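# sequence? don't have it. structure:
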């Protein structure tokens, strides 16, 4: 049902009832006497009752006005409580966050970070979706996707978390018996393990030497659409892999993998982005997670 009065009219009525004088209510609220009088008249017309009894010297609440006061107080109080609760929800790090993660980096690096995030904010719950395919935020109901590479969909927001480059690496077991590898061009004689990106084989590896791109067509007896599988093949000594330095960070640090041709090339850049939907009011839990990931990933570089 359409109301012919406003929330402000109710607030003005309550203020007049509290101070017992329209002029004083107008002065306190820094509005005109006419504005206060008009608000009271709108209420009386809409409700079909007289709310105030006026004489030349005084103003009193009518019986209807007295009856209305507790309802107005309750209604305005409930609205204040609702606004306060909504503000708390907006600035509280609480609630569910649905996150899409690349399989390898997600399992071996980001999963621990997310565990620590939940220790900091125990009221957060996480739903994780691991995939090396391009994940769709809308179709898959995700709040945030961690993704390598530049953003193409202009309806989304991409926030760069860190820069990252690919490195050539192999397990000591492979290196012991591998063919000659003195330069990038020698890779054509090696068993190179590669993966698919968005249903396309990544079998032309791109490097930079003296700031010039060098593209090497590689071949190998194993490929997969899962970066974690390629990493495991590399750890098992089946060949050379060319993966994000961040993916292999722990393997290299613990000697399970050894980088190759150090200093002879610069790996292809694979910056890491957080991709999310554009919203006027971003939940604070998502803002907090973005800031946390960016800070902690920068510390690893």
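Great, that's in hand. None of these values were measured; they are calculated from a predicted model. Numbering: from 1, shown residues only.

# can we go C-alpha only for contacts and neighbour counts from here?
OK.

# Could you report the neighbour count for the spatially closest residue to residue 251 that is not a sequence neighbour?
Using C-alpha to C-alpha, 6 or more residues apart in numbering and skipping the chain neighbours, the partner closest in space to residue 251 is residue 257 (5.4 Å). The criterion is other C-alpha atoms under 10 Å. On that basis, residue 257 has 27 neighbouring residues.

# ok, residue 257 - contacts?
Residue 257 makes contact with 169-172, 234-235, 248, 251 under the criterion C-alpha atoms under 8 Å, 6 or more residues apart in numbering.

# Tell me how far it lies from residue 19.
Using C-alpha to C-alpha, to the nearest Å, one gets 79 Å for the distance from residue 257 to residue 19.

# I'd assumed residue 24 was in a helix, is it?
Yes. According to DSSP: H, G, I helix; E, B strand; the rest coil, residue 24 belongs to a helix.

# What residues does it make contact with?
Residue 24 touches residue 16, counting by C-alpha under 8 Å, 6+ apart.

# and residue 182, which of the three is it?
Reducing the assignment to helix, strand or coil with three-state DSSP, the entry for residue 182 is coil.

# Test my guess that it contacts residue 261.
Yes. With contact taken as C-alpha atoms under 8 Å, residue 182 and residue 261 are classed as touching, separated by 7.2 Å.

# More neighbours: those two, which one.
When residue 182 and residue 261 are compared for neighbours, residue 261 comes out ahead with 14 against 11, by other C-alpha under 10 Å.

# beta partners for residue 192?
The residues paired with residue 192 through beta bridges, assigned by DSSP bridges, are residue 240.

# and it, what is it in contact with?
If a contact means C-alpha under 8 Å, 6+ apart, then residue 192 has 218-222, 239-241 as its contacts.
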